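In: Quick one, structure for this:
(one chain, ligands or ions: 1)
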Amino acid sequence: MTNPMMLRNMDFDTISVRGKSKPDPTTGAIVPPIYQTATYVLEEIGVDKGFDYTRSSNPTRQDLEEHLAALEGGKYGIAFSSGMASADSCMKLLRQGDHVVCCDDVYGGTARLFNNLMTNYGVEFTYVDSQVAENVQKAIRPETKMVWVETPTNPLLKVTDLEAVGKIARSNDLLYVVDTTFATPVFLRPLEYGADLVLHSTTKYLSGHNQIIGGAIITDRDDLYDQLKYIQKSVGAVPSPFDCWLVIMGLKTLHLRMQRHWDNAEKIASYLEEHPKVSKVVYPGLESHPMHHVAKSQMKGYSGMISFELEGGLEAGKKLMNSVELCLLAESLGAVETMITHPATMTHAEVPKEERLARGFEDGLVRLSVGIEDPNDLIADLEKAFEKV
Ligand SMILES: Cc1ncc(COP(=O)(O)O)c(C=O)c1O
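Out: Residues are numbered from 1 along each chain as shown. Here you go, the predicted structure:
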């Protein structure tokens with residue numbers, strides 16, 4: 001096993017490509033083997049070679065977990081069968097009567113888990129705009145146990161000052177969970193700002209090719225790692241060795257892909273901002289983003305997600321989304337292919353309309369996950385679709 005402290009000091013791009021893997025000692029294979037096994041033979045009763053049953057651990061999964069931990073500059077990684085399984089496992093750290101302060105713009109699946117399932121177990125949630133850190137402080141109650149922040153958020157791309165909220169979480173002795181699926185460790189490493197748990201949907205940029213569903217949690221804390229491993233072993237939300245291997249393959253080009261996602265997104269955000277049929281563009285890299293100054297200081301780049309609205313609202317947005325050809329009308333994000341999404345009817349369909357509108361999430365909002373194709377082709381595709389609006 002590689003020492004995580006040593007990996008912390010290595011160049012990020014090298015960690016991205018090499019992770020913790022050394023060529024396989026038995027064969028010299030450069031690509032790590034896939035240990036597609038459910039169980040492991042014991043040497044004798046009570047003596048194994050570090051693995052006893054794949055629900056508990058697996059060498060391919062461990063390879064991925066160490067790779068993810070190294071990228072986040074953390075001590076431990078735990079890979080899950082989906083981003084939602086990671087979120088659910090964080091919820092299992094709580095008890096009946098506990099309260100969570102959560103940012104008001106979260107992925108629709110996270111909101112569904114919190115509002116429609118966890119409330120059945122007596123956990124309560126207060127949603128605040130965490131772009132204003134004091135809102136988090138004001139929402140804290142005696143029974144508050146956790147602060148949950150997504151940054152940038154899905155789909156409004158709100159940006160939270162992680163250090164400011166981290167100080168509030170620490171001074172109130174609260175668990176601080178940060179979902180940075182949209183940013184990836186290439187651009188943002190929340191452990192550096194005081195997060196206890198960093199959460200990812202590895203379905204997105206980390207695997208990057210629309211080929212698996214997966215999740216991960218990274219932490220520096222021994223106690224949380226032990227609890228989450230215990231939860232995972234008890235519940236069984238584990239990814240298959242093959243899926244873990246596919247994420248490892250994705251991580252090897254993460255730094256290159258993210259640079260291109262960002263470059264393309266900047267070009268498209270500027271194009272949209274100039275477009276006469278567009279009424280609003282949200283992209284953390286634009287100076288018009290209300291938290292651009294925070295994004296600039298805590299992120300190394302602005303990633304590949306853009307949200308925008310059209311003059312003509314919902315009807316115009318629908319026409320655009322139904323007219324694109326190269327941009328794919330699909331759920332999900334963070335892959336090499338550009339995807340266009342209508343959050344109100346797709347990813348966030350279960351969020352009540354009044355709640356959406358109250359936080360500025362309009363019916364006509366369009367979300368674009370900018371891929372790594374030629375940006376001119378993407379702009380040409382959008383331009384052709386705008387002509388039909
Ligand atoms: C920010 C964010 N977190 C978590 C998830 C859930 O991940 P998964 O779909 O892998 O369960 C998503 C899914 O879109 C997401 O966008």
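In: can you pull the contacts of residue 227?
Out: With contact set as Cβ atoms under 8 Å, 6 or more residues apart in numbering, residue 227 has these partners: residue 93. Every C-beta, even on glycine, is put in place using the N, C-alpha and C of the backbone.
In: Confirm it sits in a helix?
Out: Yes - according to DSSP: H, G, I helix; E, B strand; the rest coil, the state of residue 227 is that of a helix.
In: Show me where the stretch 201-350 of the chain has its helices.
Out: Taking DSSP state H, counting those that start in this stretch as the criterion, the stretch 201-350 of the chain carries its helices at 222-235, 241-251, 254-274, 292-298, 313-323.
In: buried ones in the last one?
Out: Judged by neighbour count using 16 or more other Cβ atoms under 10 Å, the buried positions of helix 313-323 are 314, 316, 317, 318, 320, 321, 323.
In: Make TSV from those and add pLDDT to it.
Out: Shown next, in TSV, are these (pLDDT from 0 to 100):
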residue	pLDDT
314	96
316	97
317	97
318	97
320	98
321	98
323	98
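In: and of the residues you listed, the nearest to the ligand?
Out: When these are compared for distance to the ligand (Cβ to the nearest ligand atom), residue 321 wins out at 17.5 Å.
In: what's the most buried one of the helices of the stretch 201-350 of the chain?
Out: Highest mean neighbour count of those: helix 241-251, a mean of 22 (counted as mean count of other Cβ atoms under 10 Å).
In: what's the burial count for the residue in the stretch 101-250 of the chain that the ligand sits nearest to?
Out: Residue nearest to the ligand within the stretch 101-250 of the chain (Cβ to the nearest ligand atom): residue 201, separated by 3.0 Å. Residue 201 has 29 neighbours, counted by other Cβ atoms under 10 Å.
In: Identify the residues contacting the residue lying closest to it once chain neighbours are set aside.
Out: Leaving aside its sequence neighbours, residue 201 sits nearest to residue 83 (Cβ to Cβ, 6 or more residues apart in numbering; 2.7 Å). By Cβ under 8 Å, 6+ apart, the contact set of residue 83 is 107, 109, 179, 181, 199-204, 213-215.
In: Any chance of TSV for the residues you listed, columns pLDDT?
Out: Shown next, in TSV, are these (pLDDT from 0 to 100):
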residue	pLDDT
107	96
109	97
179	98
181	98
199	98
200	98
201	98
202	99
203	98
204	98
213	98
214	98
215	99
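In: Now for the residues you listed, which sits with the most neighbours around it?
Out: residue 200 (32 neighbours).
In: Phi and psi next, for that residue.
Out: Dihedral pair for residue 200: phi -140, psi 150, per degrees, to the nearest 10.
In: Please tell me I have it right and it contacts residue 215.
Out: Yes - between residue 200 and residue 215 there is a contact at 6.4 Å, judged by Cβ atoms under 8 Å.
In: shared neighbours of these two, which are they?
Out: Here residue 200 and residue 215 have 83, 86 as joint contacts, going by Cβ under 8 Å, 6+ apart.
In: returning to what we had before: to residue 66, which of the helices of the stretch 201-350 of the chain lies closest?
Out: Nearest to residue 66 among the helices of the stretch 201-350 of the chain is helix 241-251; the distance by Cβ to Cβ comes to 10.1 Å.
In: So what touches that closest one?
Out: With Cβ under 8 Å, 6+ apart, helix 241-251 has contacts from 16, 19, 21, 31-32, 34-37, 54, 58, 60-61, 63-64, 67-68, 71, 79, 81, 202, 206-209, 211-214, 239.
In: Mark which of these are buried, thanks.
Out: 16, 19, 21, 32, 34-35, 54, 58, 60-61, 63-64, 67-68, 71, 79, 81, 202, 206-208, 212-214, 239.
In: just to revisit the earlier point, between the contacts of residue 83, which is nearest residue 378?
Out: The nearest member of the contacts of residue 83 to residue 378, counting by Cβ to Cβ, is residue 204 at 18.5 Å.
In: I'd guessed that closest one sits against residue 334; true?
Out: Yes - if you go by Cβ under 8 Å, residue 204 and residue 334 touch, sitting 2.9 Å apart.
In: what's the overlap in contacts for those two?
Out: Counting by Cβ under 8 Å, 6+ apart, the contacts common to residue 204 and residue 334 are 181, 182.
In: and the nearest residue to residue 110 once chain neighbours are set aside, how far is that from the ligand?
Out: Spatial nearest neighbour of residue 110, excluding adjacent residues (Cβ to Cβ, 6+ apart): residue 87 at 5.6 Å. Distance from residue 87 to the ligand, counting by Cβ to the nearest ligand atom, to the nearest Å: 6 Å.
In: after the helix or strand hosting residue 87 comes which helix or strand?
Out: Using DSSP states H and E, residue 87 falls within helix 83-91. Remark: after helix 83-91, the chain's next helix or strand is strand 99-103, criterion DSSP H and E.
In: isn't residue 196 right next to residue 177, touching?
Out: Yes - applying Cβ under 8 Å, one finds residue 196 in contact with residue 177, separated by 6.8 Å.
In: out of the two, which sits in the more crowded spot?
Out: Legend: neighbour count by other Cβ under 10 Å for residue 196 and residue 177, higher for residue 177 (27 against 24).
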